[in-house]
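>>> one predicted model, sequence on top.
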Amino acid sequence: MTYRSKAPLRVGLAGGGTDVSPYCDLYGGAILNATLSLYAYATIEPLKENKIILYAIDRNETEVYDWATSLPVNGTLDLLKGVYNRIQKDYGIKEQGFHLSTFVDAPAGSGLGTSSTLVVAIIGAFVEMLRLPLGEYDIAHYAYQIERSDLKLAGGRQDQYAATFGGVNFMEFYDTDKVIVNPLRVKEQYLFELENNLLLYYTSTSRESAEIIKKQSKNVLDKKEKSIEAMHQLKQQAQMMKEALLKGRLNEIGEILNYGFQQKRQMAEGISNPLMENIYEAAIKAGATGGKISGAGGGGFMIFYCPGTTKHKVIKSLDSFGGTHRNYQFVEHGLKTWTI
């Protein structure tokens, strides 16, 4: 038997950063995101030999161990090890060798939730193999615990829930790790138009999101009013985006994105940089009505709303920056698992 899974990456449309502690614990957070036809994949193949082989195909990294109930977290393939260690601790896996391989359709640090989506996909493969009785909220929270508690990785909560649930969701975040996922019934023609007009642009740079998120969290703890007020405004932006999508007021989306872009730069140092500012300015001059930095910032993907037929002109205007645009579709499904 071979056990497989895939989970979709996401693009955050509004509210980014308000899912990060301590802000969401103190004030409550809100984010609107949508999943894309870009995925994290995981495959588990049982082995006759008593070995554990871990292989990240896209990173060309391999680790081989004699079978053990715990694998060393040492900076290489730690997400794979973290999931195995936690599931072994909580559920127990019988002593049999296996080969766990993974692949992600976007680079690490690109701002599409790659790390958390990969964790969800790996959990999914183990759930499929072990027939674990875990629902969507269980899997998403489990992924969050593995990343934030077990592996001590800084970050928010939205990615795990987007990857598990899929679709277009308005998410609310509260203290004690409480999360409410509200699926939005956006009319098909509105989603088609959003998909047609929303440009996904990879700056060909990546960043370490943890450092930016640590600064953001520290600003809240230090009660820096400028940063906290920016997060309040981003939470309000999520409400604005929700209403625009549900009511089909797509002509407002660029303006809402631009509003969020101005606010997000106030949250912490390093979210934007001269390259991203220049890319943003060029896109606006070419016809985009707004855009945003995807994820924590500092690099990775940016998105731009290009009304009418302006998308191709915007793409052409960004050629000189050395990045690339990615084709995608919105997808309704979240984590999928199967056995062959």
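Done, it's in. Numbering: from 1, shown residues only.
>>> and Leu71, how far is that from Thr289?
For Leu71, the distance to Thr289 equals 49 Å [Cβ to Cβ, to the nearest Å]. C-beta here means a position set from N, CA and C on the backbone, and glycine is covered the same way.
>>> so where's the stretch 151-300 of the chain uncertain?
By pLDDT under 70, the low-scoring segments of the stretch 151-300 of the chain are 206-212, 268-271, 296-298.
>>> recalculate using a threshold of 50.
By pLDDT under 50, the stretch 151-300 of the chain has no low-scoring segment.
>>> ranges for the strands of it?
168-173, 179-183, 198-202, 290-293 (DSSP state E, counting those that start in this stretch).
>>> can you say which of those strands is nearest to Asp222?
strand 168-173 (20.8 Å; Cβ to Cβ).
>>> find the nearest non-adjacent residue to Ala288, please.
In space, and not counting its chain neighbours, Ala288 is closest to Phe304: 4.1 Å by Cβ to Cβ, 6 or more residues apart in numbering.
>>> any idea of the mean pLDDT for stretch 103-120?
Averaging pLDDT along stretch 103-120 gives 93.
>>> can I get it as PDB, trimmed to CA atoms?
Taking C-alpha atoms only, stretch 103-120 is exported to PDB below (Å, rounded to 0.1, in the frame of the first residue of the first chain):
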ATOM      1  CA  PHE A 103       7.000  18.100  -2.600                       C
ATOM      2  CA  VAL A 104       5.700  21.700  -2.600                       C
ATOM      3  CA  ASP A 105       4.700  23.600  -5.700                       C
ATOM      4  CA  ALA A 106       6.100  26.900  -4.400                       C
ATOM      5  CA  PRO A 107       9.500  27.700  -2.700                       C
ATOM      6  CA  ALA A 108       9.800  27.900   1.100                       C
ATOM      7  CA  GLY A 109       9.500  31.500   2.400                       C
ATOM      8  CA  SER A 110       7.300  32.500  -0.600                       C
ATOM      9  CA  GLY A 111       4.400  33.800   1.400                       C
ATOM     10  CA  LEU A 112       1.800  31.200   0.400                       C
ATOM     11  CA  GLY A 113       1.800  29.200   3.600                       C
ATOM     12  CA  THR A 114       4.100  26.500   2.300                       C
ATOM     13  CA  SER A 115       5.500  25.300   5.600                       C
ATOM     14  CA  SER A 116       2.100  24.900   7.400                       C
ATOM     15  CA  THR A 117       0.500  23.400   4.300                       C
ATOM     16  CA  LEU A 118       3.300  20.900   4.100                       C
ATOM     17  CA  VAL A 119       2.700  20.000   7.800                       C
ATOM     18  CA  VAL A 120      -1.000  19.500   7.000                       C
END
